[in-house]
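# Quick one, structure for this:
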Amino acid sequence: MKYLIIGGGGIGGSLAAAMAENGLDITVIARGAHLQAIKEHGLKMETTVRGNYTVAPIRGCTAEEYNDKADVIFLCVKGYSVAEVLPLIKRAAHSGTVVIPLLNIYGLGGHLQEELPHLLVTDGCIYISAEIREAGIIRQSGAIFRVVFGVREAQDYRPLLAEIESDLKNCGIETILSCDIKRDAFRKYTYVSAMAACGQYYDINAAAMQKEGKERQTFIALVQELGVIAQAMGIDFGIDIVENNLKILDSLAPTASTSMQRDLKQGSRSEIDGLIFEVLRMAEKEHVAVRNYVKIAAALEKFRTAS
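Okay, here's the model as predicted:
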């Protein structure tokens, strides 16, 4: 089975390293100095769990250079870059290709399915704290590395999805083929959105949210507001979402932050609209009050216009 990973950053690079190390047929799409380093030296991983190690060789190329057909495409770019890679997905896919988006933005799979009506586009999410430290080097903070994916409608299920789940599990990645991906993707969204909003509002990393104080209480309040939206949407998490998200937060390295925060700090484009302002749109649609998100969105409006 041929895998294509579009995006070689923290998420895509971590996937590529794990899959290549375990002998799967993968190609990662990257660019610039990072791609050159991958071609020459593979990927150097700096991890909390395994320490430092290198995975080589790893097949990498630019979007323009890719000329094969993939059975599975993992989409690991930022939300604002999705439109740019649609031509690559269309060119790299055959009639049986499955596209699995692993982005922070909720509901992307459904939107992509409209753009790619002849392919199967699942929904998906990933729990990991990882980033490019420098060209060819990925830093993973904390122990969590979990992929969740699945179809929105039961009739779209294919046996290939179970094969993908098995492949990822064999690579040591905690993998869940979800029977309720709308619920499970929104569950992840409640975590990453709240952490990004709280982190950017106070200009902090995980450490400040891992101890008692106003920062942790704000994180909790944001998760609770997202939980109210979920209820209005008819989503039942089946767990205590605050307790679940605090457990994930507390498992992170104290220095961990969201990619949105790192992008904004670097003056780069970010996912602030999809992670924070999208909550306001959902709340308005569901007639739900989100006082904390409104306050934070007002304070961060300047970053939105810059993105």
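
# Okay, strands next: where are they in the stretch 51-200 of the chain?
51-55, 60-61, 70-75, 93-101, 120-121, 123-134, 137-150, 174-177 (DSSP state E, counting those that start in this stretch).

# Same list (those strands) but as JSON lines, adding mean neighbour count, mean pLDDT and distance to K214.
The C-beta positions use only the backbone N, C-alpha and C, and glycine is treated the same way. Formatted as JSON lines, the strands of the stretch 51-200 of the chain follow (neighbours: other CB atoms under 10 Å; pLDDT from 0 to 100; distance: least, CB to CB, whole Å):
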{"stretch": "strand 51-55", "mean neighbour count": "13", "mean pLDDT": "97", "distance to K214": "35"}
{"stretch": "strand 60-61", "mean neighbour count": "22", "mean pLDDT": "98", "distance to K214": "44"}
{"stretch": "strand 70-75", "mean neighbour count": "24", "mean pLDDT": "98", "distance to K214": "36"}
{"stretch": "strand 93-101", "mean neighbour count": "19", "mean pLDDT": "97", "distance to K214": "34"}
{"stretch": "strand 120-121", "mean neighbour count": "23", "mean pLDDT": "98", "distance to K214": "40"}
{"stretch": "strand 123-134", "mean neighbour count": "21", "mean pLDDT": "95", "distance to K214": "23"}
{"stretch": "strand 137-150", "mean neighbour count": "21", "mean pLDDT": "94", "distance to K214": "23"}
{"stretch": "strand 174-177", "mean neighbour count": "17", "mean pLDDT": "98", "distance to K214": "32"}
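
# closest to A283 out of these?
Proximity to A283, assessed across these by CB to CB, is greatest for strand 123-134 (20.6 Å).

# Pull up the pairing partners for that closest one, direction included.
strand 137-150 (antiparallel) (DSSP bridges).

# Is A197 in contact with V290, as I believe?
No. Using CB atoms under 8 Å, A197 makes no contact with V290, being 10.4 Å away.

# the more surrounded of these two?
A197 (29 against 22; other CB atoms under 10 Å).

# got a pLDDT number for the more buried one?
We have a pLDDT of 98 for A197.

# ditto for S307
For S307, the model assigns a pLDDT of 58.

# For stretch 237-255, the averaged confidence score.
95.

# Likewise for stretch 29-44?
Here the average pLDDT along stretch 29-44 is 98.

# Figure out how far it is from the centre of its chain.
21 Å (CA atoms, centre = their mean, to the nearest Å).

# thinking again about what came up before, mind putting the strands of the stretch 51-200 of the chain into CSV with distance to V279?
Formatted as CSV, the strands of the stretch 51-200 of the chain follow (distance: least, CB to CB, whole Å):
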stretch, distance to V279
strand 51-55, 37
strand 60-61, 35
strand 70-75, 22
strand 93-101, 19
strand 120-121, 23
strand 123-134, 16
strand 137-150, 20
strand 174-177, 24
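
# measure T255 to A297 for me?
According to CB to CB, to the nearest Å, T255 and A297 sit 26 Å apart.

# So for these two, which residue has more residues nearby?
A297 (18 against 12).

# Can you tell me the SS state at the more buried one?
helix (DSSP: H, G, I helix; E, B strand; the rest coil).
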